[in-house]
Each structure stands twice: as C-alpha cells, then as structure tokens.
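Enquirer: can't give you the sequence, but here's the structure:
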C-alpha cells in the first residue's frame, strides 16, 4: 500500500529546508561529471599532502595506527603524509587563522569535533587531502584527484525508514530516490585547493555554530556532515555550473573505506557514544 502525501509528511522528520538540501544533494550527486582542465583553471591543483589527526598520539590504538599506515604507500608516488595531534592542530590554527578560530577549536568538546574543525582549517589554509584516521587505503591510484583544485567529497545516503545506509551503487544512479532517503556529504575525504570558497564557508559556519552555543552542541550539525552539507547548499544551490567548484566522488569506496570494527568505537572516543556529553578521556591499554 502506497503512502499518501499527508502520511509521508507525518513520517518525514526533516524540516522543509533540510528536505530542500537533501534534494539538492541528490541532484548534485546523480549529475556529477568531470570538467576539463581549462574550465577549472582558476582553482590551482592542491598539493599532494595527506593530513590526518588523532588527538592523543601517545595513546593511538594499534588498530587505528594500522589504518593510518595503509596510506604510507602513497609516499612512493610523491605524496607527503603528516599527522597532527590536539596540541599541534591547535598551534596550526592559532598561527595561521588567529585567536578567534583557536578559541573555537578549544570549545570543540570531543576529539571528533576537533578533527572536523581542524580539517576545514588546514585545507583552507594549505590545501591538500585530509583523511580520517580510521579510513583504510585499498591501493588504487589517486593522482587524478589532484589535477584541479575543486572540492572533492564522498556522498552518503541514509534511509530513515530502515535505519541503514543506502549503498552508493544504488543511490548514485540517476533518478534513484525515496521519500525516506537523506542525501548528504561525508567529511572524509576532504580534497581541495587552498582558499577554496566552500571550505571557507564551512569553516566560518562551524565557527559561528560553536560560538553560538554555551551548552554542548550536536556534533554532526555543528562541525560534521550537517554543517558541511549546509555550506555546500548555500554556495552551490544557485550556481549554473556547480561542477566548476565541486566533484562528488561517487566511487570513493574503490579507493578507501572506513573500518568499523575498531577498539575505540566501544568507548567515549566514539562521538556517537559521547554526543552532547562531557567528554572524559580515559587511559586505554592498546594491544
């Protein structure tokens, strides 16, 4: 039995603006296309710099370290790899962006938020390629992603009816959609030239969201995929040729996937277990 319009509205938890944003992302993803080098010439190619973050490197879980090390093989292809912790990320932001942004970083109450805020800061200032510490590299070449400076992100789609992620092989097909699907962009990978306008907008929006809250804000909406996707919507919704600034990486899982069976996901280091809660880091024995 098909749902009528009123039943759909009752079951749809999204606001009107959130639904508009999701529908925009759907069109952006399903119409994603390459542009020639000339049309993207105003965005210089990003440096072949891979950046990662773990707040406390002295207590880096062994299984996370293995994920991070998988990217080392790209050093043979001319990539540099740099890992930041909380202190070095804070110093980078203070040095390159100033006290306002440093204070916003400090107000990020969970390592996941700090990692989100740092990636926007670093890529805006330097450009390059940010990848989460729990992402595993599969070995396929990525040089083609550094031919121009467009922002490149992985699309996601969540089905609120089944409470499951929709496979990219399904939701990226032209016209694929259901009322229960929510389209958005992941924050990893984050590849762009320095001073990219969408990254700048995301950094500013995240800063404003942090500054506006005295309590502990929701992670996704403040620094995560929510604020990133909102910023993309604000920047590109009225653009005739959004592909000049942005490319959706619909086949990213051929290059890398996030490893879910990791030790830290069972404790407070997992933002999903600490969302809007005071983060209390504990010492962990990693084997």
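Expert: Received the coordinates, thanks. Predicted model only: the values in this text are computed from it and were never measured.
Enquirer: can we go C-alpha only for contacts and neighbour counts from here?
Expert: Noted.
Enquirer: which stretches of the stretch 101-250 of the chain form strands?
Expert: With strands called from DSSP state E, counting those that start in this stretch, the stretch 101-250 of the chain shows them at 128-130, 135-137, 151-153, 155-159, 164-165, 181-185, 190-192, 246-248.
Enquirer: ok, the first one: who's next to it in the sheet?
Expert: If I follow you right, that is strand 128-130. Strand 128-130 has the following strand partners under DSSP bridges: strand 49-53 (parallel), strand 190-192 (antiparallel).
Enquirer: which outside residues touch it?
Expert: The set of residues that contact strand 128-130 without belonging to it, under CA atoms under 8 Å, 6 or more residues apart in numbering, is 46-52, 119, 123, 188-194.
Enquirer: considering the residues you listed, which possesses the most neighbours?
Expert: In terms of neighbour count, residue 192 stands highest of the contacts of strand 128-130 at 32 neighbours, by other CA atoms under 10 Å.
Enquirer: against residue 139, how distant is that one?
Expert: The span separating residue 192 from residue 139 equals 21 Å under the rule CA to CA, to the nearest Å.
Enquirer: can you list the weak-confidence ranges in the stretch 101-250 of the chain?
Expert: Applying pLDDT under 70 to the stretch 101-250 of the chain flags no residue at all.
Enquirer: chain neighbours aside, what residue packs nearest to the residue nearest the centre of the chain?
Expert: Geometric centre of the chain, nearest residue: residue 187, 0.3 Å, by CA atoms, centre = their mean. With sequence-adjacent residues excluded and distances taken as CA to CA, 6 or more residues apart in numbering, residue 187 is closest to residue 225, at 5.7 Å.
Enquirer: residue 29 is nearest to which of the strands paired with strand 128-130?
Expert: Each of the strands paired with strand 128-130 has some distance to residue 29 by CA to CA; the shortest is strand 190-192, at 15.9 Å.
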